[in-house]
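J.: all I have is the shape, not the residue letters:
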């Protein structure tokens, strides 16, 4: 399982692996109990872990940077239900975090999510841009296109008077 396939789903606790997505939702597998289910995007929002940023006193950082700081720290993980202990933990582990804009509930989520990642042996790293991405980012040379002569049918439609549309009125 890769870090770039992980999502958080609003209204559902924990982390999920995005198995497949469709226009109306996605098929996800819970990392905690390994159940698979369809989640509608009409009810829930999906947030890729790679796209989540954390407020700091300088520039925002990616959530993976916070997780890596947690991994490299010798501090003991706080109890997820002790808000004061969690805030004290992050003040030691990631002191540049903006504690006025990062809510206690967000810090609690980070502790829980980190625990899930460690239990599932998931390597915390952002996906790197591939050679295909680099090619896609290069500007494409545009060639001039000869102007096409409009057909008489198109010209007639352009010059046609606008039609009046009758809409029903609501009576008070």
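T.: Here it is on my side, so go on. A quick note: this is a predicted structure, and the numbers were derived from the prediction, not measured. Numbering: from 1, shown residues only.
J.: got phi/psi on residue 29?
T.: Torsion angles at residue 29 (phi, psi; degrees, to the nearest 10) stand at phi -120, psi 130.
J.: pretty sure it contacts residue 17?
T.: Yes - counting by Cβ atoms under 8 Å, residue 29 touches residue 17, with 4.7 Å between them. Quick note: C-beta positions are derived from backbone N, CA and C, even for glycine.
J.: ranges for the strands of this protein?
T.: Assigned strands in the chain, in chain order: 6-9, 16-22, 25-30, 36-40, 46-48, 53-54, 61-62 (criterion: DSSP state E).
J.: okay, angle between the third one and strand 16-22 too, please.
T.: Calculated by axes from the mean of the first three to the mean of the last three Cα atoms, to 10 degrees, strand 25-30 forms an angle of 160 degrees with strand 16-22.
J.: check the burial of residue 124 by counting its neighbours.
T.: Residues contacting residue 124 under the criterion other Cβ atoms under 10 Å number 18.
J.: so what's it up against?
T.: With contacts taken as Cβ atoms under 8 Å, 6 or more residues apart in numbering, residue 124 has the following neighbours: 3, 64, 67-68, 71, 117.
J.: and the gap between it and residue 85?
T.: Going from residue 124 to residue 85 by Cβ to Cβ, to the nearest Å gives 22 Å.
J.: and stretch 100-119, how far from the chain's centre?
T.: Relative to its chain's centre, stretch 100-119 lies at 16 Å (Cα atoms, centre = their mean, to the nearest Å).
J.: go through it and flag the buried ones.
T.: 102, 106-111, 113-114, 116-117 (16 or more other Cβ atoms under 10 Å).
J.: ok, residues contacting that stretch?
T.: Applying Cβ under 8 Å, 6+ apart, the set of residues contacting stretch 100-119 from outside is 3, 8, 13-15, 31-32, 49, 54-55, 63, 66-67, 70-71, 77-78, 80, 83, 86-87, 89-90, 124.
J.: if any of these are buried, put those into a PyMOL selection.
T.: Selection of buried members from the contacts of stretch 100-119 for PyMOL, criterion 16+ other Cβ under 10 Å:
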select buried, resi 3+8+15+31+49+54+55+63+66+67+70+78+86+87+89+90+124
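J.: keep only those of the contacts of stretch 100-119 that are in helices.
T.: With DSSP state H as the criterion, helices contain 63, 66-67, 70-71, 83, 86-87, 89-90 from among the contacts of stretch 100-119.
J.: these: which two are farthest apart?
T.: Taking Cβ to Cβ, the two most distant members of these are 71 and 83; they sit 22.2 Å apart.
J.: ok, residue 55 touching residue 90?
T.: No - with contact defined as Cβ under 8 Å, residue 55 does not count as touching residue 90 (11.9 Å).
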